[in-house]
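Participant: Sequence first, predicted model second:
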Amino acid sequence: MIVKPMIRNNICLSAHPTGCAAETLRQIEYVKARKPRYEGLALPKAVLVIGASGGYGLASRIAAAFGCGAATVGMSLEREPSDSKTGTPGWYNNKAFDKAAQGAGLAYRTMNLDAFSSEAKAEAVRAARELGIKYDLVIYSLASPVRTDPSTGIMHRSVIKPIGQDFSGTTVDVFTGRLSNATVGPATEEECSETVKVMGGEDWEFWIQALKEAGVLADRCRTVAYSYIGPKLSWPIYRDGTLGRAKADLDATAKRMTERMGQGTVPHVEAYVSVNKAVVTRASAVIPVIPLYVSVLFRVMKERRNHEDCIAQMDRLFRERLCLAERHSGRADQGAAPGTDPASAASMMASAPPPTDDEGRIRMDDLEMSPGVQAEVEAAMAHITPETLGGLADLEGFRNDFLSAHGFAVPGVDYDEDVDPRA
């Protein structure tokens, strides 16, 4: 069949098998080209990525496997293709990753399961035992709008709404260039609770507790969940809205897990929230104001030559935050090689704590939120009109990133070629 993008209300309903594979391979080649930059770092050996099929989750798995050389286990829930309908992008991304990992001789397991389920946690334990590994890094990168609680069977649904009052702001249809004013009414307290249930830290903590109890976490295991703060103009619907309340719960969960499972426990677990840069995801085109802000941000950061997409951001996260090394000296009977003269201290590699802000969060949005970038974005946003939009915002860049996340607009792919959606 000939596969074309099917877009309804800024949601893409199709995925191109060849394009998704090509985009996944592009990210792999990006990291492989930077492999020398991983030398001398304290690299993880076994990484579990929960939500591994796209966006920051897929990019994290690629950095772990092809940058660090780690064994990886990936978990995501994807729709399989049929004779007449394509699968989700993640279905093809996972297949492309598996093929590349196999060709590189890397250990891997990929599971198509609901990551919120008890079954998924049990399968991740089984995979660790089959591979003979203990996870020293667990990435939590879920972005599902719904979650079924395995203990109750109740499905909870998240919403993107302000709290306490209406929110109005200018947004843009990136495919038509039409500006409009979007108004969203306030969430109920029940909707706030539902959003926290889906996108807060409860399931993340369930995962770490299950892995710890099963004995498949390495000592000094790190776990990282992804978050976003964004600019003040988006705070009413993001940071101060239902999503922000869920992200606050994520922050609280990280601190609680580190306190409960940190120093003095075996295994010693460190939990962090990484606040990442704004990028185009499958969902970002439908959040009011965000498409316009991101389009302007892209233009500003590309002109400044500090723009990062998902793979560039995750490559930097691993190299400059998670894998920093420190040397410490220790006696031979405390870990130095047999035969080492006890009188001479052995220099041993250890993983240094990642730099964090005052709240203990890893800030990968440092380039986006720099004063110069934000001042330029704010000035541009204040002058957006239908006439100035093309010069102030990078709509084409937003569109291309959105389409490439579904396997379209990927260079080198023949979109007039007949493809088998099941391939």
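Facilitator: Perfect, I can see it now.

Participant: Just give me the neighbour total for L142.
Facilitator: 21 (other Cβ atoms under 10 Å). C-beta here means a position set from N, CA and C on the backbone, and glycine is covered the same way.

Participant: where does the nearest residue to it once chain neighbours are set aside land on pLDDT?
Facilitator: Spatial nearest neighbour of L142, chain neighbours left out: G51 (4.1 Å); criterion: Cβ to Cβ, 6 or more residues apart in numbering. Looking at G51, its pLDDT is 97.

Participant: Then the one 5 residues further on?
Facilitator: Looking at Y56, its pLDDT reads 97.

Participant: How far does the strand or helix carrying it sit from its chain's centre?
Facilitator: Assessed by DSSP states H and E, Y56 sits inside helix 55-62. Centroid displacement of helix 55-62 relative to its chain, using Cα atoms, centre = their mean, to the nearest Å, is 6 Å.

Participant: where does the chain have low pLDDT?
Facilitator: Within the chain, the stretches falling below the threshold (pLDDT under 70) are 263, 282-283, 327-349.

Participant: which residues in it form helices?
Facilitator: 17-33, 55-62, 89-103, 118-131, 189-199, 202-213, 242-261, 290-304, 310-317, 371-381, 389-392, 395-404 (DSSP state H).

Participant: Among these, which comes closest to F167?
Facilitator: helix 242-261 (11.0 Å; Cβ to Cβ).

Participant: dump the residue contacts of the nearest residue to M364 once chain neighbours are set aside.
Facilitator: Leaving aside its sequence neighbours, M364 sits nearest to N276 (Cβ to Cβ, 6+ apart; 4.7 Å). By Cβ atoms under 8 Å, 6 or more residues apart in numbering, the contact set of N276 is 56, 226-228, 313, 317, 364-365.

Participant: do the same with A312
Facilitator: Contacts of A312 by Cβ under 8 Å, 6+ apart are Y30.

Participant: ok, now with 6 Å
Facilitator: If you count contacts by Cβ atoms under 6 Å, 6 or more residues apart in numbering, A312 has none.

Participant: what do you get for H307?
Facilitator: Neighbouring residues of H307 by Cβ under 6 Å, 6+ apart: M301.

Participant: separation between it and G54?
Facilitator: Distance, H307 to G54, by Cβ to Cβ, to the nearest Å: 19 Å.

Participant: Run a quick neighbour tally on the residue lying closest to M155 once chain neighbours are set aside.
Facilitator: Nearest non-adjacent residue to M155, counting by Cβ to Cβ, 6+ apart: T148, 4.7 Å away. By other Cβ under 10 Å, 15 other residues sit near T148.

Participant: again, but for P355
Facilitator: By other Cβ under 10 Å, 11 other residues sit near P355.

Participant: And for V410?
Facilitator: V410 sits with 21 neighbouring residues when counted by other Cβ under 10 Å.

Participant: how about it, what does it touch?
Facilitator: Applying Cβ under 6 Å, 6+ apart, the residues contacting V410 are 19, 22-23, 404.
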